[in-house]
Structures are given as structure tokens and as C-alpha cells.
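S.K.: sequence first, then the predicted structure:
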Amino acid sequence: MSWVRRIVFFSAVLFFFAYENSCAESVELMRDGKNYESLPLLVNSLSVERNRSVISHSSLMLQIREFTRNNHGFMFDVDSRVKLSVTSRVVSGFQQNPPSSVRLKDGTQIIWGWQEGQAEVQSIAIFDEGDKLKLVGGATNIPRIFSWRSQKGLKSLEEFDALLVRRQALHIGSPMLVLFVETQSDANRYYPLAARWLQANLLGFNAQCNSPTYSESCVLADNITVPIVVRTARCSAEQMSRSSCTLLSAGSSKSELSLDMFMQ
């Protein structure tokens with residue numbers, strides 16, 4: 001066999017095995033309900049896409065800075081000792097590129113990320129159907145109630161409370177999410193989505209709630225309430241602790257989004 005024929009032959013063999021492995025992986029992903037390249041999934045009458053955000057990372061950073069530029073308040077870092085401006089804190093939670101995202105049927109897009117090397121520092125941004133930024137926020141010290149490695153999770157609020165006590169003994173701060181919006185109407189509309197994102201966060205953004213392995217932890221996540229503070233995006237440093245800067249959380253509203261729609 002000439003060297004040309006040998007090259008052609010081995011190229012064909014390599015292509016065959018690559019194609020076969022690709023097909024096998026696609027079948028396995030579809031079997032697990034994780035075929036992210038399929039058509040948008042219908043969940044509780046809300047269609048979502050778990051694809052890459054149409055908003056670029058650079059555009060996201062610019063819009064966050066513009067959204068918070070008149071906010072002269074501050075937020076604490078993960079160990080509650082260093083003060084950061086609201087802009088710096090939110091931007092620091094979007095260091096990976098591209099960030100994760102979910103786009104709803106009505107065009108609303110939820111985007112989130114974390115700080116490189118510091119997964120306890122996370123940020124969220126929500127855009128309306130016209131890709132206009134409506135909400136930003138920073139989540140800190142959110143615990144995990146399900147282990148992807150061991151495939152085991154917490155199943156009761158008592159176990160969750162015990163987890164928080166153990167974390168506190170290790171000097172890990174309390175979980176918290178601080179949100180910033182421009183108006184109360186925006187708080188009413190987007191708070192439930194941010195709260196749902198936070199519950200998915202507890203599951204590590206990797207849940208399959210229709211699986212018996214995850215089901216009890218998903219039910220638990222659905223009943224956990226992590227403290228959420230909603231503030232006006234234009235608060236000055238002097239107003240940050242005043243009631244005039246705090247908005248209603250619309251806590252009675254609940255999103256219909258399935259927890260396993262938030263994947264990363």
C-alpha cells in the first residue's frame with residue numbers, strides 16, 4: 001500500500017471512530033435529558049433556551065457599569081471584610097466568558113456567572129425582551145444541597161440548617177443575594193425569576209428534578225428561602241441603609257420555571 005493510500009485509509013478510520021463516539025454521546029445526552037442543542041424545551045408552559053447568550057460578554061460588562069454608575073453604595077466581599085462598589089462586586093461575578101444563560105419564551109434572559117477561583121462570588125443579570133438590562137445582583141456564600149460527585153443531597157430543612165451551622169463553624173458567611181433594579185415594577189416582575197435562580201443555585205445548576213436521585217433535594221430547594229435584599233440601582237452611599245433605598249421583594253410571587261432549566 002502506497003503512503004498516499006495509507007494516509008487516506010487511516011484518515012477514514014479516525015473519522016469513523018470520531019463520528020461513532022459523537023453519535024453515542026448525543027444518544028446518551030438525549031437519554032439523560034441534556035441535549036442542549038435540541039429545540040427549546042417546554043416546561044410549565046414556559047419555553048426556555050439553554051444556549052449561549054446573544055449578549056456578548058463585553059456588552060454585558062458595559063451595560064452593568066452603565067446600570068450601576070449612579071450607585072455610590074458598597075457591598076462586602078466573600079469574607080465580609082473588604083468593601084467593594086456595587087459595580088465592582090457585580091462585575092467580579094462575571095469573570096468567566098461566556099456566562100451561563102436561560103432565555104424565556106417572552107424574550108426575557110437570565111444570565112449568571114462567578115468569579116474565577118472564587119465560586120462563592122456569583123452575579124446575576126436579567127434582560128427584558130428588548131435585551132435591556134433590568135436587574136443585576138450579587139450572591140455570596142450560597143451552599144450546595146446536592147453533590148454531583150456523590151449523587152447524594154440534603155432532603156430536609158433540618159439538614160439544611162445543620163449545614164449552615166457547620167459552615168458557620170468554618171467561618172463561612174451567611175448566604176445572601178442583593179439585587180438592584182430601577183423601579184418597583186421591575187422588582188415585582190423580575191424578583192421571582194432571581195429567587196428561582198437562587199434555588200437552582202442551591203442545586204449547583206446541575207439538577208434533573210424528574211430523576212429519583214434528585215427529586216427530594218429539588219423539593220427541598222423549592223422550600224428554602226435564602227435572604228434576598230432588593231435595592232434601587234441609583235442609591236447613594238448615604239441611602240444604602242435607609243428604607244427609602246429598599247424596595248419590596250414581591251416575595252409572594254413564585255416563578256413557574258423548572259429548577260433544572262438552569263444549567264451550566
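M.R.: Arrived safely. Since we're looking at a predicted model, the values are computed, not measured.
S.K.: how many neighbouring residues does residue 229 have?
M.R.: Residues lying near residue 229 (other C-beta atoms under 10 Å) number 14. Using the backbone N, CA and C atoms, a C-beta is placed for each residue, glycine as well.
S.K.: for residue 230, give me the pLDDT.
M.R.: At residue 230, the predicted lDDT confidence score is 91.
S.K.: just list whatever residues bridge to it.
M.R.: Assessed by DSSP bridges, residue 230 has beta-bridge partners residue 179.
S.K.: for residue 247, give me its contacts.
M.R.: With contacts taken as C-beta atoms under 8 Å, 6 or more residues apart in numbering, residue 247 has the following neighbours: 181, 184, 187, 230-232.
S.K.: residue 184 against residue 246, yeah?
M.R.: No. Judged on C-beta atoms under 8 Å, residue 184 makes no contact with residue 246 at a distance of 10.7 Å.
S.K.: PyMOL command to pick out the buried ones of the contacts of residue 247?
M.R.: Taking 16 or more other C-beta atoms under 10 Å as the burial criterion, the selection of buried members of the contacts of residue 247 in PyMOL is written as:
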select buried, resi 181+187+230+231+232
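S.K.: what sits closest to residue 222 if chain neighbours are left out?
M.R.: Using C-beta to C-beta, 6 or more residues apart in numbering and skipping residues adjacent in sequence, the residue nearest residue 222 is residue 199, 6.4 Å away.
S.K.: helices along the stretch 51-200 of the chain, start to end?
M.R.: Along the stretch 51-200 of the chain, counting by DSSP state H, counting those that start in this stretch, helices occupy 57-68, 86-92, 157-169, 184-202.
S.K.: nearest to residue 118, of those helices?
M.R.: Evaluated with C-beta to C-beta, the helices of the stretch 51-200 of the chain place helix 86-92 nearest to residue 118, the distance being 8.3 Å.
S.K.: who's in contact with the nearest residue to residue 257 once chain neighbours are set aside?
M.R.: What sits nearest to residue 257 in space, not counting adjacent residues and going by C-beta to C-beta, 6+ apart, is residue 196, at 5.1 Å. With contact set as C-beta under 8 Å, 6+ apart, residue 196 has these partners: 254-255, 257, 259, 262.
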